[in-house]
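Asks: What follows is a predicted protein model with its sequence.
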Amino acid sequence: MTTGHSRRTLLLGGIAGAGIACLSRAGERGSGRDELFGISLAQWSLHRALQGGALDPLDFPRHAREVFGIDAVEYVSTFYPGKAVDFDYLGRLRRRCEDASVRSLLIMIDGEGDLGHADDDERRRAVERHFKWVAAARFLGCHAIRVNARGTGTREEQAARAAESLHRLGTVADDYGIDVIVENHGGLSSNGDWLAEVMRRADHPRVGTLPDFGNFRIAEGEWYDRYEGVRELMPFARAVSAKSHDFDDDGYERHTDYRKMLRIVLDAGYRGYVGIEYEGGELDEADGIRRTKALLERVRAELAPEYE
């Protein structure tokens, strides 16, 4: 039976064999960029095109650059089933990024088990199923994987289990130079106070958050205040997700005040990338992405004199 340590050694060996160089953390300000924050594209914004076969996942980086003028991308694991340790495939994806001059920032991981599961063995297996994505993130040049903190039980039980799993996963990811970041993504994770407490209890320098502007639905009919939630999660943020759905005639998002939200982000000292994640139904995906990008650029320009 392969142990956790030997599995890590095997994956690290595969990466070393591929000749991967030491990489900087792409979520940080740098590489010649002098704006308040960079703008990236989350792959989920194009989920209908990807699921319908109109866009090949390998073409996502080039598509982001050529169609939207975006030079940094965030992947979703479910669009790459069985590819986490397929280094030939990942090498092709990496070359597509290099050819398009696009940076790979992070991989959003779904469907690999609950890090807060009540059963100890299932929780351990869920942690270990994330190891391969840590390796894939390192190979692609990402700075992080995004995970979920789902579980069952009381608030306290879920917090303790999630924190334990995140600490363990952060310890493994540290060998790769990869951060493990948690998004507010339903259930208790959409409670900003709860997730901030999980961060404190996980107590690992590789563990942080990915605050999403819109994912604050805790349960049917129960919502957490999105501005307070982002404010609570920003001290731990290693990435930020600009969720968008609908726009008014002036180009503003109807559900989130982007000026107010981006002030919260910037006041926390964050100067990394803000990822477009369009999930609306009124516009097609391309138009939704363009509207979100235009809004981020407009607010960034308006706020620049206050923060530079």
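Replies: Happy to help now that I have it. What you are looking at is a predicted structure, and each value in this text was computed from that prediction instead of being measured. Numbering: from 1, shown residues only.

Asks: May I ask which helix or strand of this protein has the lowest mean pLDDT?
Replies: Every helix and strand in the chain was compared by mean pLDDT, DSSP states H and E; the lowest is helix 4-17, with a mean of 50.

Asks: ok, and Ala149, which helix or strand is that part of?
Replies: Ala149 is part of no helix or strand, with elements assigned from DSSP states H and E.

Asks: give me the number of residues near it?
Replies: 28 (other C-beta atoms under 10 Å). Heads up, the C-betas are built off the backbone N, CA and C, glycines and all.

Asks: Touching, it and Leu166? I think so.
Replies: Yes: counting by C-beta atoms under 8 Å, Leu166 is a contact partner of Ala149 at 7.3 Å.

Asks: Spit out the residues that contact those two alike.
Replies: Leu115, Val182, Val198 (C-beta atoms under 8 Å, 6 or more residues apart in numbering).

Asks: hang on, the last one is in a helix, isn't it?
Replies: Yes: inclusion of Val198 in a helix is indicated when DSSP: H, G, I helix; E, B strand; the rest coil is applied.

Asks: what's near enough to touch it?
Replies: Val198 neighbours (C-beta under 8 Å, 6+ apart): Ala149, Ala159, Ala162, Ala163, Leu166, Val182.

Asks: Between these, identify the one with the most neighbours.
Replies: Ala162 (30 neighbours).

Asks: can you pull the pLDDT of that one?
Replies: pLDDT recorded at Ala162 is 98.

Asks: For it, what is the enclosing helix or strand?
Replies: helix 155-174.

Asks: For that helix, buried residues please.
Replies: Buried residues in helix 155-174, counted by 16 or more other C-beta atoms under 10 Å: 158-170, 172-174.

Asks: next one: stretch 241-254
Replies: Ser241, Ala242, Lys243, Ser244, His245, Phe247, Tyr252, Glu253.

Asks: Please enumerate the helices of the stretch 51-200 of the chain.
Replies: 60-68, 87-100, 120-129, 131-140, 155-174, 192-202 (DSSP state H, counting those that start in this stretch).

Asks: dump the residue contacts of Met217.
Replies: Just to correct that, residue 217 is Arg rather than Met. Gly186, Ser190, Trp223.

Asks: Same check on Ala301?
Replies: Contacts of Ala301 (C-beta under 8 Å, 6+ apart): none.

Asks: circling back to that earlier point, now, which of the contacts of Val198 sits nearest Leu105?
Replies: For the contacts of Val198, the closest approach to Leu105 (C-beta to C-beta) belongs to Val182, at 15.9 Å.

Asks: can you count the residues close to Arg125?
Replies: So Arg125, with other C-beta under 10 Å, has 13 neighbours.

Asks: Excluding covalently adjacent residues, which one is nearest to it?
Replies: Once flanking residues are discounted, Arg125 sits nearest to Gly113: 6.2 Å by C-beta to C-beta, 6 or more residues apart in numbering.

Asks: go on, Leu93?
Replies: Leu58 (5.7 Å).

Asks: Next, the angle from the helix or strand containing Ala286 to helix 60-68.
Replies: Ala286 belongs to helix 285-307 when assigned by DSSP H and E. Helix 285-307 and helix 60-68 are oriented at 80 degrees to each other (axes from the mean of the first three to the mean of the last three C-alpha atoms, to 10 degrees).

Asks: just how off-centre is helix 285-307 within its chain?
Replies: 19 Å (C-alpha atoms, centre = their mean, to the nearest Å).

Asks: any idea of the mean pLDDT for that helix?
Replies: The average pLDDT within helix 285-307 is 98.
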